[in-house]
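Engineer: Would you be able to build a 3D model of this:
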Amino acid sequence: IIKTISLIYIVEQFEKLPPIKDMIVDTFRDSVSDVKVIDEVLTELIEKECIVYLKRSNGYLKIKESSGVDISAEIQNVIEKTRQTLSLRDILNKFSFDSYMYPTAYNDEMEITRYFDFTFIESTEFFSVMDWERKIENINADGMVYAIIPRNNEEIEQIREIIKSGNCDHNRIIFVLPVRYMDIERIAFEFNAVTVLKDQVSDDELLSDEYEIYIEDLEEVISRYILSYTRPETLDTEYYWNGVKQPFKRKAHLSTKLSEICAEIYPNTPVINNESINKDSLPTVAINSRNKLISGLLENELSVNLGLTRTGQDVSFMRSTLIQTGILSNEQIKPVLTLTPDDVNMANVLREIQEFFNGGNANKGKNFKDLYDKLTLPEYGYGMKKGVIPIYVAVVLHFFKKYLVIKNRNEEVKITMDLLNSINENPKAFTAFM
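Structural biologist: Numbering: from 1, shown residues only. Sure, this is the predicted structure:
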C-alpha cells in the first residue's frame, strides 16, 4: 500500500489516478479474501503507525515521515486546554484572510477609502443581540458584514426568519447566512492546536514538517469554508440587508451594494482628492506636512502659498484640501480664504465648524467632541476622516481665533498647530468659548 501511494505521487496524474482510499481498495481487491482487510490496514497506517496521512481537504492519502510523536493525542490535549478560553469565531476571525470588504465604486468616485469589516459571529451571539446599533457603535469600519455560524440546519431557518422579520434591520449591516450547515468546529480547533504545537517545536525539523502537513491540509478546508461566505458565486450562502435577501451572484455585486449603502449614509461627504491625508491615521511625515499647512492658516496675515515652498507633500495637501475645494484662491499673489466655497458639501463642513464655535458661549463653552462627532459619525452624513479635520478647523480659526478661548481642563491654551493636533487626538479634552 505504501509503495502504491508513493508511485501515485510519482506519476502525479491525480485526475486519472487519485491517491484515495477507493483507489487503493480497487488495486488490492483481488489480493485479499475480504476487502475489509484493506480498510483495516489503512486505518492502522493512519492512526497507529502514523505513516499515512488522510487529507481532510480532498480525501487524498499522503505518505509522511513519522517523528514517533502521537500527533493526534497531542492535538487533542491542546484542544481540551483551549476549548474553555477559545471560541470558533475567534479562530476563524484570526485566520489569515482579507477581513475587509470595499465599496470600490464609491471609493473611486469620492476619492476616499471606506470599508466594511467582515466578521464571523456564532449563532448564540446573534440570538443574544437586542440592539444592533449599540453592537456596532464603537467600530472603526464604516459598516459590518456579519458571517453567521449556525450549529445545525434548524438554526439556519430560525436565523433566516429573525432576519426577514426586520428585527435586525440596520443600514450599515449585511448578514451572511449559509444555506446548509457545515461542521467546521472540529477542523478549526485542530488547526489552532497544530499551529500552537508547531510553534513549540521550531528546533525539531522532522516534527515541525509533520505538523506542517496537517496545517496545510486544515488551512485548505478552512479557506474553502470562509470562501463560501465571502464569494457569492459559490451559492453556498445568502446575503441580507435590512431584512431583504440580496440577489448577489458575484463579489462585484456585493461591492456595488456597499457603494449604494455608503452613498446613502454619507451624502454630505466632500471630495478631497488626496488619500495620503484623507484618512483617519496619518504617518509622522504626513502629520509634519499638515502642520506646515496649519501654521500657515493660523497666521494673522496669509503669506504667499501659505508660506509653503517647492513641491513637497505640504504643497500637495494645500492643493487638494484648499485650492481644489475652492476654499483658497489667488494663493501665489495675495491668498484669499472663503468660508463659502462653491462646493456645497465643503461649504456645509465649514458651516458646521462655524456654528460649533458660535455656540460656545463664554459661560458654558462647546466641547470639541461634539464637533468631531458631527463631522465623523455616520448619523450626520459627513463621515469625514480625522486626518483632514484640523485643516478645516484652522481655516475657520483664521477668521475666529481672536474671538475664541480654548481650554484644556479649565486651563486656557494657545491656539497653535500643536493644539489642533492634540484636539484631533483627544477632542473630548478641549472646550471652545466665544
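Engineer: Just the helices from the stretch 51-200 of the chain, written as ranges.
Structural biologist: In the stretch 51-200 of the chain, the segments counted as helices under DSSP state H, counting those that start in this stretch are 71-82, 88-94, 104-110, 123-128, 132-135, 153-164, 185-200.
Engineer: Out of those, the one nearest residue 289 is which?
Structural biologist: Minimum separation from residue 289 across these (C-beta to C-beta) falls at helix 104-110, 22.1 Å. All C-beta atoms are positioned from the backbone trio N, CA, C, and that covers glycine.
Engineer: And residue 257, how far from residue 107?
Structural biologist: 14 Å (C-beta to C-beta, to the nearest Å).
Engineer: next one: residue 258
Structural biologist: For residue 258, the distance to residue 107 equals 9 Å [C-beta to C-beta].
Engineer: rewinding a little: now render the helices of the stretch 51-200 of the chain as CSV, adding mean neighbour count, distance to residue 262 and mean pLDDT.
Structural biologist: Shown next, in CSV, are the helices of the stretch 51-200 of the chain (neighbours: other C-beta atoms under 10 Å; distance: least, C-beta to C-beta, whole Å; pLDDT from 0 to 100):
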stretch, mean neighbour count, distance to residue 262, mean pLDDT
helix 71-82, 15, 38, 91
helix 88-94, 18, 23, 94
helix 104-110, 16, 4, 95
helix 123-128, 15, 24, 96
helix 132-135, 14, 18, 96
helix 153-164, 15, 21, 97
helix 185-200, 19, 32, 94
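Engineer: among those helices, which is nearest residue 356?
Structural biologist: Nearest of the helices of the stretch 51-200 of the chain (C-beta to C-beta): helix 104-110, 23.8 Å.
Engineer: Contacts for that closest one, please.
Structural biologist: For helix 104-110, the external contacting residues (C-beta atoms under 8 Å, 6 or more residues apart in numbering) are 113, 114, 255, 256, 258, 259, 262, 263, 266, 269, 271.
Engineer: For the chain, which segments count as strands?
Structural biologist: 52-54, 61-63, 100-101, 116-122, 143-149, 173-178, 237-241, 244-246, 328-329, 336-337, 366-367, 405-408, 411-413, 430-433 (DSSP state E).
Engineer: Among these, which comes closest to residue 196?
Structural biologist: Of all the strands of the chain, strand 52-54 sits nearest to residue 196, with 19.0 Å by C-beta to C-beta.
Engineer: Return the list of helices and strands in contact with the closest one.
Structural biologist: Counting contacts by 3 or more C-beta pairs under 8 Å, 6 or more residues apart in numbering; DSSP states H and E, strand 52-54 is packed against helix 36-47, strand 61-63, helix 205-230.
Engineer: what's the angle between the longest one and strand 116-122?
Structural biologist: On the basis of axes from the mean of the first three to the mean of the last three C-alpha atoms, to 10 degrees, helix 205-230 is oriented at 110 degrees to strand 116-122.
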